[in-house]
Structures are given as C-alpha cells and as structure tokens.
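*Asks:* quick one: sequence plus predicted model below, questions after.
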Amino acid sequence: MDKEINGILPSMIERINQIVEIGGPIVAILGVFSIISVAIIFLKLWQFAAMGVRRRKVARLAVGKWIAGQRQAAYADVVQHNSVISNIVAHAMRGQMKLGSENMLVREDIENLSATSIRRASSYLKGLEAIAQVSPLLGLFGTVLGMIDAFQALQSSGTSVDPSVLAGGIWVALLTTAVGLGVAIPATLILSWFEAQIDDATADIENLVTNVLTSNVTGESPAATDIGAGSTSAPIKVAQPLQVAHAN
C-alpha cells in the first residue's frame, strides 16, 4: 500500500508540473488560487465545527422549555451547550430575566451579539467568492492569449501551414479555461453550502430570540421543530454582512 502511494504521488506531482509548464503563468496563478481556496474551505469547516453553527437542537428545545415556564432549566441547557446559537439564546434569556423584554437595551445588545457572531461565521468567504468569480475569467484570459499566439504562429508559417501546429496551440490555450473552471466550480458549490448554513443559523437566531423575548405575550409552547412560527411581535433582525452575487 505504501509503495503504491509512493508511486502515485511523484507521478501526480510530475503531471501537475507538466500542466503548469504547458499552461504558463496563468495556470500557475490558478494553481495558487486552488491552494488558497482549499485552505479557506478547511479553515471554515474547522470554524463552523468550533462555533457549532449546525448544533441547534438544544437551543430549540430550551426555548420550548422557556415558553412552557421552565426558565431555569432552559437557561441551564443553553449555558452548558457549546454553540453560537445557544450562546445567543442564553444571552437573550439573561437579559429577559434581568431587565425584561420591553427594555430596548436588551434587544440592541442581542442584535449586536448576533451580528458579531454572523460576521465571524462569514469571515474569509469573500476570498472564496473572489476566487470562484475570477478563476474562470482568468482562464478565459489565458485562452485568448494562447489563441493569439497560435494564430501568430500560423501567420508566420506562411503558405506551408501545418494543421498540427494550430491544433496544438489551440488545445494549450483551452487548457487554461479548463483549469479555471476546475478551480471555480468546486469553490462556488462549497461557497453556496457555507452561505446556506449561515442563512439557516441566522433565521434560527431571529426566531428563537424573538420567542424568548415575546414569551410573556404569546404564552404558548410550540413544538421544538416549529419554534419561531407565528410570533406576534417584531422579530430580532440580525445584520447579514455577507451578500454574495454569483457570476452567471
């Protein structure tokens, strides 16, 4: 097994070096972009796991207890749970118990904490977005330059045109577009997944915090999976710093 791996890695490295040598500086730049995008992806996966962006069940169940009147038990659940949503819900519960939901300072403080948490979860995604948008354009730019070189070689050959020269120049030119798309497509897909997770977390934060602050008004205990539906008061609005416009 080790021998197979040791044989595969050198061949892969040699193949990558050949592609970079054929494609020129454009392919080299795209290779750097791919390394950066992979680094950002792993960093964001680690960050999401550390922040507990996808861990929401405990917070939902705790808000159900809170609305049912089991406030101390609900607060204990979210305080002991390590996730960004539980932290914000615990902050809302503390403010509710100390000052009450009608105090605007409580709402402003929760909105500030929520916006800070969402901004942190959105960090580095702009870099991934830039790579996803620029890579295919850079690949196309390399193709245009390659086509120019190919037709210049065709012109200089005069009447003795060798079709293989033109064909070779064209496939080398198209190589940069292929590499650019190969970098951009995975980056775009993973960026969309990250954005979806942040959007879901933002919606949960708004719904759960609103239910905590309006529990005295509604006085109902919704199912844990339906927390946030039918609230009669204005919900907490979380600023969303990440607005990504994808290139068509």
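*Replies:* Everything's here; your move.
*Asks:* and the residue positioned nearest the centre of the chain, backbone torsions?
*Replies:* The C-alpha lying nearest the average C-alpha coordinate of the chain belongs to Phe194 (CA atoms, centre = their mean; 2.8 Å). With angles defined as degrees, to the nearest 10, Phe194 sits at phi -60, psi -40.
*Asks:* now Arg55
*Replies:* According to degrees, to the nearest 10, Arg55 has phi -90, psi 100.
*Asks:* that one and Arg119: what is the separation?
*Replies:* 19 Å (CB to CB, to the nearest Å). Heads up, the C-betas are built off the backbone N, CA and C, glycines and all.
*Asks:* next one: Gly31
*Replies:* From Gly31 to Arg119 the distance is 31 Å (CB to CB).
*Asks:* cool, and Ala39?
*Replies:* Ala39 is 20 Å from Arg119, by CB to CB.
*Asks:* check Gln96 too.
*Replies:* Gln96 is 24 Å from Arg119, by CB to CB.
*Asks:* of those two, which one has the most company?
*Replies:* Between Gln96 and Arg119, counting by other CB atoms under 10 Å, Gln96 is the more crowded of the two (23 against 15).
*Asks:* so what's that one up against?
*Replies:* Gln96 is in contact with Val106, Val212, Leu213, Ser215, counting by CB atoms under 8 Å, 6 or more residues apart in numbering.
*Asks:* can you pull the contacts of Ala49?
*Replies:* With CB under 8 Å, 6+ apart, Ala49 has no contacts at all.
*Asks:* in this structure, which spans are helices?
*Replies:* Ranges of helices in the chain, per DSSP state H, are 2-23, 25-51, 57-67, 71-80, 84-99, 104-121, 125-156, 163-213, 215-218.
*Asks:* want to try a markdown table for these, with mean pLDDT as columns?
*Replies:* Formatted as a markdown table, those follow (pLDDT from 0 to 100):
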| stretch | mean pLDDT |
| --- | --- |
| helix 2-23 | 60 |
| helix 25-51 | 91 |
| helix 57-67 | 88 |
| helix 71-80 | 87 |
| helix 84-99 | 85 |
| helix 104-121 | 86 |
| helix 125-156 | 86 |
| helix 163-213 | 86 |
| helix 215-218 | 57 |
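*Asks:* picking that back up, now the buried members of the contacts of Gln96.
*Replies:* When those are checked for burial by 16 or more other CB atoms under 10 Å, the buried set is Val106, Val212, Leu213, Ser215.
*Asks:* hmm, the first one is touching Leu113, no?
*Replies:* No - with contact defined as CB atoms under 8 Å, Val106 does not reach Leu113; the gap is 10.8 Å.
*Asks:* span of stretch 71-88 from start to end?
*Replies:* End-to-end distance for stretch 71-88: 16 Å, by CA to CA, to the nearest Å.
*Asks:* which of the residues in it are buried?
*Replies:* Buried-residue list, stretch 71-88, by 16+ other CB under 10 Å: Arg71, Ala74, Tyr75, Asp77, Val78, His81, Ser83, Val84, Ile85, Ser86, Asn87, Ile88.
*Asks:* measure stretch 71-90 end to end?
*Replies:* 11 Å.
*Asks:* got phi/psi on Val53?
*Replies:* Dihedral angles (degrees, to the nearest 10) for Val53: phi -60, psi -30.
*Asks:* burial of it, as a residue count?
*Replies:* When neighbours are defined as other CB under 10 Å, Val53 has 22 of them.
*Asks:* I'd assumed Gln197 was in contact with it.
*Replies:* Yes - applying CB under 8 Å, one finds Val53 in contact with Gln197, separated by 5.6 Å.
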